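Novice: make a model of this:
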Amino acid sequence: MTSLKVTKALVKQILERPLVHSWSQQGLGMLRVYLSREIRMHVWADEAVYRPKPDTLHTHPWDFTSYVVAGGITNLRYRTMPLAPNYTMRTIKCGAGGGLEPGETRVHLDATDVETFISGQSYCQLAEEIHESIPADGTVTIIERKFKPDTEHAFVFSLFDQPWKSAEPIIPTAGMIERACRNSLERFF
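Specialist: Residues are numbered from 1 along each chain as shown. This next block holds a predicted model:
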């Protein structure tokens, strides 16, 4: 990854003219734009969280490195424990048109690591690691993905015996894109 100063300047250009890019909105509270197949930019916006709030604990179909360009994010990692179940684990097909796959497993999850990252810092996450992201409103991250053979399936976790609440991507309104990008510019640039 290039220097933070150069990266921040490029991100600022995107934020200043957001409507020339193709965005998607993901229910955990982010708008994202693909810079390449492997690299995408996330603009985290409290306003973009779906209602009812989707389940936040999940894995990914790919390993990734997350670079915090502006703002801050807390990453909580979880592990399964051989104790009484407190979560239901389900498989999803990721992306637009995805959704739940058949079957579920009951598991016990405990938080193992709480990490907080600010502008200029990065962290790595393995595909199979269970985690949740808690960003500050307006945070911008760049995700560099390293693909695995199965690029479409991941696990999601909901509190024991609770229904799953989807965070499936949608196309955001122009107003949502403009507000999220303006908020990020005003707070961190």
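Novice: CA only for contacts and neighbour counts going forward, please
Specialist: OK.
Novice: give me the distance between residue 137 and residue 59.
Specialist: 22 Å (CA to CA, to the nearest Å).
Novice: contacting residues around residue 49?
Specialist: Residues in contact with residue 49 (CA atoms under 8 Å, 6 or more residues apart in numbering) are 26-30.
Novice: sorry, wrong one. I was asking about residue 124.
Specialist: 63-66.
Novice: in JSON lines, list the residues you listed along with neighbour count.
Specialist: Formatted as JSON lines, these follow (neighbours: other CA atoms under 10 Å):
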{"residue": "63", "neighbour count": "18"}
{"residue": "64", "neighbour count": "20"}
{"residue": "65", "neighbour count": "17"}
{"residue": "66", "neighbour count": "20"}
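Novice: tell me which of these fall in helices.
Specialist: Judged by DSSP state H, the contacts of residue 124 include no members of helices.
Novice: so which of the residues you listed comes closest to residue 46?
Specialist: residue 66 (19.1 Å; CA to CA).
Novice: which residues of this structure fall in strands?
Specialist: Assigned by DSSP state E, the strands in the chain fall at 23-26, 28-34, 39-49, 57-58, 62-70, 72-81, 87-93, 99-118, 122-125, 130-135, 140-147, 153-159.
Novice: now for those, which one comes closest to residue 5?
Specialist: Of all those, strand 62-70 sits nearest to residue 5, with 9.1 Å by CA to CA.
Novice: and for the closest one, what's in contact with it?
Specialist: Strand 62-70 has contacts (CA under 8 Å, 6+ apart) with 4, 7-8, 117-127, 139-148, 151, 188-189.
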